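Asker: Take this sequence and fold it.
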Amino acid sequence: MGSSTTTRNFGMRRFTNLVREGRLRAPAASALRLGTLVEIDPTDTDRVRQAVDAAIGGGGDVRTTECGILWYEHDSQTFNDPRFGGAAGLLPQDLDTAPVGRMVQVLHGPGVKVWLRNTEASTTEPGLTFSNTRDAVTMVSGLGGATPTVEVGDLLGWNTSGYFAVTTNIGEAFLRVTAVYNDQNRCDAEILV
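Answerer: Residues are numbered from 1 along each chain as shown. Predicted structure coming up:
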């Protein structure tokens, strides 16, 4: 999967049955976070969009909607080069979005295992040309925190607010939780389709 299979909030555990749909473009207007559930954009079938029809309450079914997890392989030779949108001093884990309009991959396949982690806002050592502040990121609602609600065996679907959430509707479920580490704000999950 390229030079890096991880960001601060999303990564791969097991590649069994991994399908990497390619030749699709990221949205033209806004960058999406790697690990986002995406679907083919019906208004431009060469592009993906954040899941709407396949999302919780969207009325679609993840088993019949062309959807998957967004992935983009940042080139290890150029990710720090300002000509390519990078900034000196960034780590591959800092590059957690797919650049607008670039070719991306859509990952799916039953049995593929991923991990998802929520991170708090933080201030890090300043770099040469990038902000030293990171925003909080929620990948799974109810994970970690004072009153965690995610449990092993729970089904996760995509919430149009921009994160995975527990659902009881199998038609909305893209993942099944296989391990929960609330002290690390992280869970492992297996792709169902």
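Asker: gap between the two ends of stretch 103-118?
Answerer: 26 Å (CA to CA, to the nearest Å).
Asker: Flag every buried residue along that stretch.
Answerer: 104-108, 112-118 (16 or more other CB atoms under 10 Å). No exception for glycine: its C-beta is placed from N, CA and C like everyone else's.
Asker: Inside helices: which ones of the residues you listed?
Answerer: Among those, DSSP state H puts none in helices.
Asker: which one of those is nearest residue 28?
Answerer: residue 104 (12.3 Å; CB to CB).
Asker: what sits against the closest one?
Answerer: Applying CB atoms under 8 Å, 6 or more residues apart in numbering to residue 104 gives the contacts 22, 24-26, 48, 70-72, 98.
Asker: quick one: average pLDDT of stretch 112-122?
Answerer: Mean pLDDT, stretch 112-122: 93.
Asker: who's in contact with it?
Answerer: With contact meaning CB under 8 Å, 6+ apart, stretch 112-122 is reached by 8-18, 35, 69, 133-140, 143-145, 164, 175, 178, 184-191.
Asker: Next up, the contacts around residue 139.
Answerer: 9-10, 35, 116-118, 163-164.
Asker: Mind doing that once more with 10 Å?
Answerer: Contacts of residue 139 were listed using CB atoms under 10 Å, 6 or more residues apart in numbering, and they are 7-10, 33, 35-36, 114-119, 156, 162-164, 185-187.
Asker: Buried residues, stretch 176-191. List them.
Answerer: 176-178, 180, 182, 185-191.
Asker: what's the closest of the buried residues of stretch 103-118 to residue 63?
Answerer: Using CB to CB, the buried residues of stretch 103-118 come closest to residue 63 at residue 108, 10.6 Å.
Asker: Please look at the closest one and residue 51 and confirm they touch.
Answerer: No. Contact criterion CB atoms under 10 Å: residue 108 and residue 51 do not qualify, at 12.0 Å.
Asker: Overlap of the contact sets of the two?
Answerer: 37, 62, 67-69, 174.
Asker: about what we covered before: secondary structure for the contacts of residue 104 - can I get that in TSV?
Answerer: Below are the contacts of residue 104 laid out as TSV (DSSP: H, G, I helix; E, B strand; the rest coil):
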residue	secondary structure
22	strand
24	strand
25	strand
26	coil
48	strand
70	strand
71	strand
72	coil
98	strand
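Asker: Got the phi and psi for residue 183?
Answerer: The phi/psi pair for residue 183 (degrees, to the nearest 10) reads phi -70, psi -20.
Asker: mind listing what it touches?
Answerer: For residue 183, counting by CB under 10 Å, 6+ apart, the contacting residues are 144, 148.
Asker: I'd like the distance between it and residue 145.
Answerer: According to CB to CB, to the nearest Å, residue 183 stands 11 Å off from residue 145.
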